[in-house]
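Asks: Quick one: sequence plus predicted model below, questions after.
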Amino acid sequence: MVREDHKESEQQIRAMWRRNFHDPEAYEDFYFEEIYRKNEVLVCPILDNQQEETGQYKGMLHLNPYGLNVRGERISAHYIVGVATDRVWRRQGVMRELIYNALNLLRRRGEVFCYLMPADPAYYRPFGFRYGADWLEVRMVWQPDGPGENIHVVSRFDNVGDAEIAAARENKQADLCRFVSTWIDTAYYEVLEKEAISDHADVCYVYDQGEYAGRFLAAIDENEDEEEDDCDGCLLLSRINCCQKDRRAFIQALFAYCYDHYGCRDFRLILDESWEDVFLGEEEIPGTHILSIKRKPMIMFRILNLEEAGRFLEAGTDFSMVLKVRDRQVPDQSGTYYLKALGGICTIDRLAPGQEGSDRNSPALGSGKEVCHGGEISIGDLTDIFFGRDRDSISGSGWPPGLTREGRRAVQSIRPLQGNCIMEYV
């Protein structure tokens, strides 16, 4: 049994959070004062012999609401966090029941995606989640050879109008260099500032010649990775967002500011994957020495509404295909779909039972290019294709076995949703 907790049991929810996650007290306070107040929590109650609730829970799952900017369009989505089962109830299907109910709840609401940051991806792959956003971790040394760019940094906006201008610039920049990113508004900045305080970090809003240029968080690094002991005492820069065309110059200006303000030349940067061309490109950032770059898969996505997801896809070649999709966790999404790419634009329509066996040139599927039969695929494998994470293995011998040769050619032309930016922990 799973139901929504209507905030009547904060004490029990908070105690379960503490037992399972061991966050610092300040961060736990931030979460329950700022995030928990606005989210939804699904719980699995403990029942007595009469099947009545005892007031205690076996497990919980938090649904945190966000806006996503997907190829220039704002959609509503939920970030799944706080999935926990108390030790005595583990390996009894509690997590499976919580996730199943969450996915079907969000599906009924018409949401296109949900997403999460897994502690272990093996837990979530059976539920159709696949990686869709990586983080870059860059270790660098700044070698100043003169005064840096003259930027102005503030810890908060002077007024709501300034915050609105900053949010508009960030969302506009996201349209240019990212496919999926968190939608920014003034409330986002308010939460960011409170989260930074709880995490002993400084919020830095950057202005260049009076114009909003971006932001970052700065904190003394407390990296617990045993392989990165040399990070102790370096400065951690995260939640970096640049609204300028020249992102190398932006990074230079950040380093110069941090050197003047914190007296630090050693940095560890946590960046979204759209920064890859800046740090892995042929042109180096002047005055810097890169010690290491790691690309880490961090955010897993789950498709909840295949037809709606289709409008965000593009393809390199035209195709028309009938494809059977299996979704064991969201049975309502299982079915046969008509995927079409024309002039680079994709559409996905679900076929009614009478259309599933239509001939290749059936009027039910529309006119135009001959329709191929793509075979069968799971929702998880289809997510891999949409986000392009396993494209190398898919194009080799790792193709989903149910796809036909024609189906493989069709899905291989889909341009994956890459360059994504989900940098929030909760």
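Replies: Cool, the structure landed.
Asks: contacting residues for residue 188?
Replies: Taking CB atoms under 8 Å, 6 or more residues apart in numbering, we find residue 188 in contact with 167, 182. Placement of C-beta: from N, CA and C, glycine included.
Asks: Give me the residue at the spatial middle of this protein.
Replies: residue 422 (4.0 Å; CA atoms, centre = their mean).
Asks: what's around residue 401, how many residues?
Replies: Applying other CB atoms under 10 Å, we find 9 residues neighbouring residue 401.
Asks: again with residue 324
Replies: Neighbour count of residue 324, defined by other CB under 10 Å: 17.
Asks: Next, report how far the host helix or strand of residue 193 is displaced from the centre of its chain.
Replies: Under the criterion of DSSP states H and E, residue 193 resides in helix 186-198. Centroid separation between helix 186-198 and its chain, computed with CA atoms, centre = their mean, to the nearest Å, is 18 Å.
Asks: quick one on the thing from earlier: the residue nearest to the centre of the chain is in contact with residue 182, isn't it?
Replies: Yes. If you go by CB atoms under 8 Å, residue 422 and residue 182 touch, sitting 6.0 Å apart.
Asks: which residue packs closest to residue 40, ignoring adjacent ones?
Replies: Of all residues not flanking residue 40 in the chain, residue 63 sits nearest, at 4.4 Å (CB to CB, 6 or more residues apart in numbering).
Asks: partners of that neighbour in the sheet?
Replies: Going by DSSP bridges, residue 63 is paired in beta bridges with residue 40, residue 80.
Asks: how close does it sit to residue 299?
Replies: Remark: distance between residue 63 and residue 299 (CB to CB, to the nearest Å) = 16 Å.
Asks: Same check on residue 165?
Replies: Distance of residue 165 to residue 299, given as CB to CB: 28 Å.
Asks: in the stretch 1-150 of the chain, which spans are strands?
Replies: Assigned by DSSP state E, counting those that start in this stretch, the strands in the stretch 1-150 of the chain fall at 3-5, 40-47, 53-70, 73-85, 113-116, 130-142.
Asks: quick one, which of the ones you listed is packed in tightest?
Replies: strand 113-116 (a mean of 23; mean count of other CB atoms under 10 Å).
Asks: and of the strands of the stretch 1-150 of the chain, who's closest to residue 331?
Replies: With CB to CB, the closest approach to residue 331 among the strands of the stretch 1-150 of the chain belongs to strand 113-116: 16.7 Å.
Asks: and residue 275, what does it touch?
Replies: Each residue near residue 275 by CB under 8 Å, 6+ apart is listed here: 136, 240, 247.
Asks: do the same with residue 169
Replies: Neighbours of residue 169 in contact, by CB under 8 Å, 6+ apart: 212, 243.
Asks: what's the spacing between the helix or strand containing it and its chain's center?
Replies: Secondary structure assignment for residue 169, by DSSP H and E: helix 160-177. Chain-centre distance of helix 160-177: 19 Å, with CA atoms, centre = their mean.
Asks: between it and strand 73-85, how many degrees?
Replies: Interaxial angle of helix 160-177 relative to strand 73-85 (axes from the mean of the first three to the mean of the last three CA atoms, to 10 degrees): 90 degrees.
Asks: Restricting to C-alpha, output helix 160-177 in CSV.
Replies: The C-alpha coordinates for helix 160-177 follow below in CSV (Å, rounded to 0.1, in the frame of the first residue of the first chain):
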residue,chain,number,x,y,z
VAL,A,160,13.1,41.6,-8.0
GLY,A,161,13.5,43.3,-11.3
ASP,A,162,17.2,42.5,-11.4
ALA,A,163,16.4,38.9,-10.6
GLU,A,164,13.9,38.7,-13.4
ILE,A,165,16.4,40.1,-15.9
ALA,A,166,19.0,37.5,-14.7
ALA,A,167,16.5,34.6,-15.0
ALA,A,168,15.4,35.7,-18.5
ARG,A,169,19.1,35.9,-19.6
GLU,A,170,19.8,32.4,-18.2
ASN,A,171,16.8,30.8,-19.9
LYS,A,172,17.6,32.5,-23.2
GLN,A,173,21.2,31.2,-23.0
ALA,A,174,19.9,27.7,-22.2
ASP,A,175,17.9,27.8,-25.4
LEU,A,176,21.1,28.3,-27.4
CYS,A,177,23.4,25.7,-25.9
